[in-house]
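Enquirer: I would like to see how this sequence folds:
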Amino acid sequence: FTQTTASEMLRSLVGSEMCIRDRIIMEKQNKQSEPSFYVNFKKVYARNIDSNISLLNFLRHNCKFTGTKEGCSEGDCGACSVLIFDEKGSLAPVNSCILKVGQILDKNIVTIEGASKLSSAKPLIQALNSEAASQCGFCTPGFVMAALALKEKHKNPSESVIHDSLSGNLCRCTGYRPIVNGIQSLEEKIKFPSPINSKGSKLKTAIFGKTTYNYPESKKELIEFISKEKNYSVVAGGTDWNLEAEDSNFKEQKILFLNNIREMSTIKTKTSSFEIGACVTLSKFEELCREFFSPFLDTIIRFGSPQIRTAATVGGNLGTSSPIGDLAPLFFVLEAELSLLGPKGERTIPIKDFFKGYRKNALKRNELIYKVKVPKTKKEDSIFSWKLSKRYDQDISTLSLAAKFKMDKNYTIENIILSAGGVGPTPLLLDKTGKLLKDSNLRFNQNSLITALSHDISPISDLRGTAKYRSAAMVGLIKKMQRSAISGEKQHSIMSI
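Expert: Next comes the predicted model:
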């Protein structure tokens, strides 16, 4: 054993230590660059995924959390409900069947398995059990998740609030009375542990099979992407797009995911207006309406269930350019403007100029809706909104009406704006009808109203209603507005006669 041999052994040991250290560093870096999120307060890596998989299938097949059920796979039945923490650390229910893994990286998800282990959640589960709120049990996990989200916010919610909270969950055997009784019997809020904060840099891209997600985090990065890329799908909430986006990996696709751009996901309050990012969810918009546009709430809460409102976005609803989109008539009467972003920057147009035909709009190639600018209403302004549909909850509009008018001290109408959905190829401004209401100071007769409407609307017959029904229903909605305005009463519910 010579000194030379000892030196060689020392160098070998040092080299081995360096290799081990480098490997540890490399493994750590690789983990940081892997797509991941948190399930039941533990980090989960989205490894070896060969398709654009839904969160539901990932939880059931990859994580073996089979308590989350698959029912309709369309976001209607709520059996797949899980909880997601928002940026404020509050819980919200969401449909995992129409949410892709690529949409929830770095987010915190709680399933029924995780919730059932929390001591704070057990009283609610026991209360539901005591009221016999489950029979076959298939839908029960979804109901529990919806009820947990409700009880995190409300100690003693009213029955109407409970009904809204459960509007996205279907039970086919127990009936809803025992479920409501179970929730009402627990008179306390439920406190959840704080979500885990994701550390390290966020991914710029993530690949799931042939699907590549791109995650810009700023307006600059967004412009760079849309300036160079040609074929991609724009996704935020995905409540519409994911209905057609199968888990199967048939073709290569690029997804531009917008929710990581802060300016697009927040509401800014200005002196005389609000700037609503296109990725602001319906839940956030609901909070804004609750404080500043309360007559619109009846329409907003019926836009979809809490699970849908957690994910669906303002920009997505407008961007589909559907003639029955629930938001367009509201923004029409508020005289909103759209900020459109393209490779050359931003441009602003009045929302009334956005819709060009059935499912057609003013977006140029590689442009998208960036934000919505909404003027604040004045004290003398009155606003109204109603939606008619075959079901009260969770249903597409058959037609809708929104209105804003201003009265002077003598109760004379100075200005009025009427807008309707579902009675033409696009959302419409009812100019002739508005003029009649203004000129008559709301003292019109039915024949003159029908004549004015015939110039403004051109309804068709389809599965949701006939043209004749839509015309008659529009007359009824305007007379409902007339009654509310003249009487000075609170906006009459759509369910009132």
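Enquirer: so how many other residues sit close to the closest residue to residue 342 other than its chain neighbours?
Expert: Distances taken as Cβ to Cβ, 6 or more residues apart in numbering place residue 367 nearest to residue 342, at 3.9 Å, with adjacent residues excluded. Yep, even glycine has a C-beta here, placed from its N, CA and C like the rest. Using other Cβ atoms under 10 Å, residue 367 has 17 neighbouring residues.
Enquirer: all strands for the stretch 251-400 of the chain, in order.
Expert: 253-257, 267-269, 273-277, 337-342, 345-350, 355-357, 360-361, 368-375, 381-388, 399-407 (DSSP state E, counting those that start in this stretch).
Enquirer: okay, these, which one's buried deepest?
Expert: Of all the strands of the stretch 251-400 of the chain, strand 399-407 carries the top mean neighbour count, a mean of 24, counting by mean count of other Cβ atoms under 10 Å.
Enquirer: right, and the helix or strand after it?
Expert: Sequence order places strand 413-421 as the next helix or strand after strand 399-407, per DSSP states H and E.
Enquirer: So residue 264 is in contact with residue 278, correct?
Expert: Yes. Between residue 264 and residue 278 a contact is recorded at 5.3 Å, counting by Cβ atoms under 8 Å.
Enquirer: Spit out the residues that contact the two alike.
Expert: Shared contacts of residue 264 and residue 278 (Cβ atoms under 8 Å, 6 or more residues apart in numbering): 236, 258, 315, 370-371.
Enquirer: Sort out which one of these lies nearest residue 347 for me.
Expert: Checking these against residue 347 by Cβ to Cβ gives residue 370 as the nearest, at 9.6 Å.
Enquirer: OK, contacts around that closest one?
Expert: With Cβ under 8 Å, 6+ apart, residue 370 has these contacts: 219, 264, 277-278, 315, 339-341, 346.
Enquirer: buried set for the helix or strand where residue 432 lies?
Expert: Residue 432 is part of helix 431-439, with elements assigned from DSSP H and E. The neighbour-count check on helix 431-439 (16 or more other Cβ atoms under 10 Å) flags 432-434, 436-438 as buried.
Enquirer: Please apply the same query to stretch 470-479.
Expert: 470-471, 473-474, 477-478.
Enquirer: which residues touch the spatially most central residue of the chain?
Expert: Centroid-nearest residue in the chain: residue 312, 1.9 Å away (criterion: Cα atoms, centre = their mean). Going by Cβ under 8 Å, 6+ apart, residue 312 touches 237, 239-240, 281-282, 303-304.
Enquirer: How about residue 326?
Expert: If you count contacts by Cβ under 8 Å, 6+ apart, then residue 326 has 299-300, 302-303, 317, 387, 397, 400, 421 around it.
Enquirer: How about residue 404?
Expert: Residue 404 neighbours (Cβ under 8 Å, 6+ apart): 333-334, 377, 381-384, 416-417.
Enquirer: Put together CSV for those, with distance to residue 160 and pLDDT on each row.
Expert: Formatted as CSV, the contacts of residue 404 follow (distance: Cβ to Cβ, whole Å; pLDDT from 0 to 100):
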residue, distance to residue 160, pLDDT
333, 26, 98
334, 26, 98
377, 25, 96
381, 26, 93
382, 24, 92
383, 21, 94
384, 20, 94
416, 31, 96
417, 30, 97
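Enquirer: In the chain, where is pLDDT below threshold?
Expert: Applying pLDDT under 70 to the chain flags the ranges 1-32, 199-201, 246-250, 491-492, 494-497.
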